[in-house]
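> Turn this into a model:
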Amino acid sequence: MATLSGSMGIYMKLGITAQGRMKVKQLTPQGKRNHTSVKEFILLGFPGALYLQISLFVLFLFMYIMTVTANMAIIALVMISQRLRTPMYFFICNLSFLEIWYTTACVPKTLANLMSQSQTISFTSCILQMYFVFSFGCTEYFFLAVMAYDRYLAICHPLHYSSIMNNTLSIQLALGCWVCGFLAICLPAYLIARLSFCGPNIINHFFCDIAPWIVLSCTDTYVVELVAFITSFIVILGSCAITLVSYVYIISTILNIPSVKGRKRAFSTCSSHLTIVIIWYGSTIFLHVKPSIQNSLELTKIVTVLNTIVTPLLNPFIYALRNTEVKEAVKHVFRGK
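Numbering: from 1, shown residues only. Modelled structure (predicted):
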């Protein structure tokens with residue numbers, strides 16, 4: 001989830017990329033350019049003993065299967081249950097669909113590398129993996145912002161909610177999230193595709209993340225870093241601003257409700273989304289508060305595991321366990337059978 005934010009944090013520490021470029025440039029004589037192009041890269045992943053590789057493979061495989069199954073169950077439940085045919089659950093359905101593909105974009109390749117002697121990935125495959133992982137990440141930022149706005153309308157303007165957040169607007173907002181998420185990464189992906197790689201080919205990550213990848217380039221990466229930073233700034237801070245402002249109004253409205261029962265009922269409608277927002281943006285903040293530049297790539301790798309493998313698994317359970325309507329829908333489905 002936070003791969004985009006992870007790269008943003010590293011872009012803010014330009015010493016890493018500058019140092020990486022210096023190491024590569026030292027491999028070729030000054031004034032000359034080595035035109036030998038690297039066709040394949042090696043994903044370093046999680047180096048260690050065989051038992052560690054097997055343990056990680058079993059753990060990641062189990063979590064991946066559970067993630068796909070749990071998110072598909074949420075989608076099926078929303079489609080089956082009439083009481084969940086609301087804009088909020090329409091967005092949750094989109095988020096679950098997104099989580100399936102977000103984790104699928106990097107986990108299967110990671111599993112293959114854990115059990116294989118060869119950890120190589122072609123340049124084209126690397127570009128595609130990077131594009132899809134970051135596109136899904138951007139899309140999730142947008143969906144969290146849209147879902148915050150949906151909760152704002154439901155709690156702060158309950159009488160006008162149905163007329164404002166109708167089916168047409170819901171579909172338009174969801175479509176906008178998908179389109180904007182995939183368009184946001186087009187320019188960075190295009191610029192990276194034009195870079196030359198003629199030196200080391202080992203990427204210190206378990207997928208083709210931008211920051212540890214572009215440091216291997218033997219050409220100047222300043223434009224790529226700048227464009228990626230601007231993209232990250234707009235996507236992360238833009239979605240965060242919408243989410244934050246929405247919850248300021250939501251909390252203010254809830255506190256003004258006279259009865260305790262009314263406050264609890266209002267808060268229960270947004271507690272699941274708020275929990276996911278805290279986890280998502282919490283990891284984003286963590287990526288920017290690092291003890292040292294030297295450890296930044298390793299910390300990014302660890303937090304990326306949290307966001308691409310752990311969080312997509314937790315989300316459907318958060319909605320199921322913290323949402324009364326989902327619990328009732330599950331009971332109704334099983335009673336109906």
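> Give me the pLDDT for Ile16.
In this model, Ile16 is scored at 37, pLDDT.
> For burial, what's the neighbour tally of Lys327?
Around Lys327 there are 12 other residues, counting by other Cβ atoms under 10 Å. The C-beta positions use only the backbone N, C-alpha and C, and glycine is treated the same way.
> doesn't Tyr319 make contact with it?
No. Using Cβ atoms under 8 Å, Lys327 is not in contact with Tyr319; the gap is 10.0 Å.
> if you go through the stretch 1-150 of the chain in chain order, where are the strands?
40-43, 120-122 (DSSP state E, counting those that start in this stretch).
> now do the same end-to-end measure for stretch 101-108.
Using Cα to Cα, to the nearest Å, the end-to-end distance of stretch 101-108 comes to 11 Å.
> Contacts for it next, please.
If you take Cβ atoms under 8 Å, 6 or more residues apart in numbering as the criterion, stretch 101-108 is touched by 1, 60, 64, 67-68, 129, 132-133, 136-137, 140, 206-207, 308-309, 312.
> among these, which are in helices?
Judged by DSSP state H, helices contain the following of the contacts of stretch 101-108: Phe60, Tyr64, Thr67, Val68, Gln129, Phe132, Val133, Phe136, Gly137, Glu140, Pro312.
> what number of residues lie near the last one?
Taking other Cβ under 10 Å as the criterion, the count of residues near Pro312 is 29.
> go on, His332?
With other Cβ under 10 Å as criterion, His332 counts 16.
> Likewise for the one 3 residues further on?
Other residues lying near Arg335 total 7 when counted by other Cβ under 10 Å.
> In terms of helices and strands, where is it?
Element membership of Arg335, judged by DSSP states H and E, is helix 324-336.
> okay, and the helix or strand of the chain with the least pLDDT?
helix 15-25 (a mean of 38; mean pLDDT, DSSP states H and E).
> Show me the shaky parts of the stretch 201-337 of the chain.
Counting by pLDDT under 70, the ranges of the stretch 201-337 of the chain that qualify are 287-298, 321-322, 336-337.
> Helices of that one, start to end?
Listed in chain order, the helices of the stretch 201-337 of the chain (DSSP state H, counting those that start in this stretch) span 210-214, 222-232, 238-255, 260-268, 271-288, 296-305, 311-322, 324-336.
> Just name the most buried of those.
Per residue and on average, the most neighbours among the helices of the stretch 201-337 of the chain fall to helix 210-214, with a mean of 26 (mean count of other Cβ atoms under 10 Å).
> helices or strands up against that one?
Here helix 210-214 touches helix 3-11, helix 15-25, helix 123-156, helix 186-193, helix 222-232, helix 296-305, going by 3 or more Cβ pairs under 8 Å, 6 or more residues apart in numbering; DSSP states H and E.
> In PyMOL, how would I select just the buried ones from the contacts of stretch 101-108?
Buried subset of these, written as a PyMOL selection, criterion 16 or more other Cβ atoms under 10 Å:
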select buried, resi 1+60+64+67+68+129+132+133+136+137+140+206+207+308+309+312
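> Which of the contacts of stretch 101-108 sits closest to Ile42?
Phe206 (11.5 Å; Cβ to Cβ).
> give me every residue that touches the closest one.
Leu43, Leu44, Gly45, Phe46, Cys106, Thr110, Asn113, Lys301, Thr304, Val305.
> and the closest residue to the second one other than its chain neighbours, how many neighbours does it have?
The reference is to Leu44. Counting by Cβ to Cβ, 6 or more residues apart in numbering, Asn204 is the residue found nearest to Leu44 once chain neighbours are left out, at 4.9 Å. Residues contacting Asn204 under the criterion other Cβ under 10 Å number 20.
> Backbone dihedrals for Asn204, please?
phi -80, psi 70 (degrees, to the nearest 10).
> pretty sure it is touching Pro212, no?
Yes. Counting by Cβ under 8 Å, Asn204 does reach Pro212; the two are 4.5 Å apart.
> picking up where we left off before, right, and out of the contacts of Phe206, which lies closest to Glu99?
Cys106 (12.6 Å).
> And the pLDDT for the closest one?
At Cys106, the model reports a pLDDT of 92.
> And it, how close does it get to Met130?
Taking Cβ to Cβ, to the nearest Å as the measure, Cys106 falls 10 Å from Met130.
> Kindly point out which residues are neighbours of both of those two.
Contacts common to Cys106 and Met130, judged by Cβ under 8 Å, 6+ apart, are Phe207.
> isn't Val310 right up against Met66?
No. Using Cβ under 8 Å, Val310 makes no contact with Met66, being 10.7 Å away.
> Among the two, which residue is more densely surrounded?
For Val310 versus Met66, neighbours defined as other Cβ under 10 Å are more numerous around Val310 (17 against 14).
> OK, contacts around that one?
Taking Cβ under 8 Å, 6+ apart, we find Val310 in contact with Met63.
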